[in-house]
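Q: Based on what follows, work out the 3D shape:
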Amino acid sequence: MSETRNAVVQKLKAKLDEWNAEIDRLNAKAEQTEAEAKMEYLQQVEELKKYRDEAQQKMEMLQEAGEGAWEDMKSGVEMAVESMAQAIKSARERFK
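A: Residues are numbered from 1 along each chain as shown. Reported below is the predicted structural model:
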């Protein structure tokens, strides 16, 4: 059974909230590091923000899509979510 558009949007909103919290944690860590490491943290945070913004745009498009079109858009949303999840994982591993 296919997920409803509303369920997909709600999942994505929850993920966006999670990612925003992770970005905030990395920003806080960046503020506590020395200049060189701080630049690296901030660059990673900017990259994460780009992925997050892309996922947010896809979510908004999904919300506005017609009944037939949203199913087609679902795979693009899933790809954006996977890209962001990989970027978050990479950032966590990089800045342990």
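Q: So for this structure, the centremost residue is which one?
A: Against the mean C-alpha coordinate of the chain, by CA atoms, centre = their mean, the closest residue is residue 52 at 3.4 Å.
Q: From the contact counts, what lies against the helix-or-strand element of the chain with minimal mean pLDDT?
A: Counting by mean pLDDT, DSSP states H and E, the chain has its least confident helix or strand at helix 69-94, which shows a mean of 80. The contact analysis (3 or more CB pairs under 8 Å, 6 or more residues apart in numbering; DSSP states H and E) places helix 69-94 against helix 5-31, helix 35-64. (C-beta placed from N, C-alpha, C; glycine too.)
Q: export those helices to a markdown table and tack on mean pLDDT and distance to residue 93?
A: Converted to a markdown table, the helices and strands packed on helix 69-94 look like this (pLDDT from 0 to 100; distance: least, CB to CB, whole Å):
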| stretch | mean pLDDT | distance to residue 93 |
| --- | --- | --- |
| helix 5-31 | 86 | 12 |
| helix 35-64 | 85 | 11 |
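Q: what's the closest of those to residue 86?
A: Across the helices and strands packed on helix 69-94, residue 86 has its closest neighbour in helix 35-64 (8.7 Å, CB to CB).
Q: Can you name every helix or strand that that closest one contacts?
A: By 3+ CB pairs under 8 Å, 6+ apart, helix 35-64 packs against helix 5-31, helix 69-94.
Q: Now do the buried residues in that helix.
A: If you call a residue buried by 16 or more other CB atoms under 10 Å, then helix 35-64 has these buried ones: 41, 44, 45, 48, 51, 52, 54, 55, 56, 58, 59, 62.
Q: which pair in these spans the largest distance?
A: Going by CB to CB, the pair spanning the buried residues of helix 35-64 furthest: 41 and 62, at 31.2 Å.
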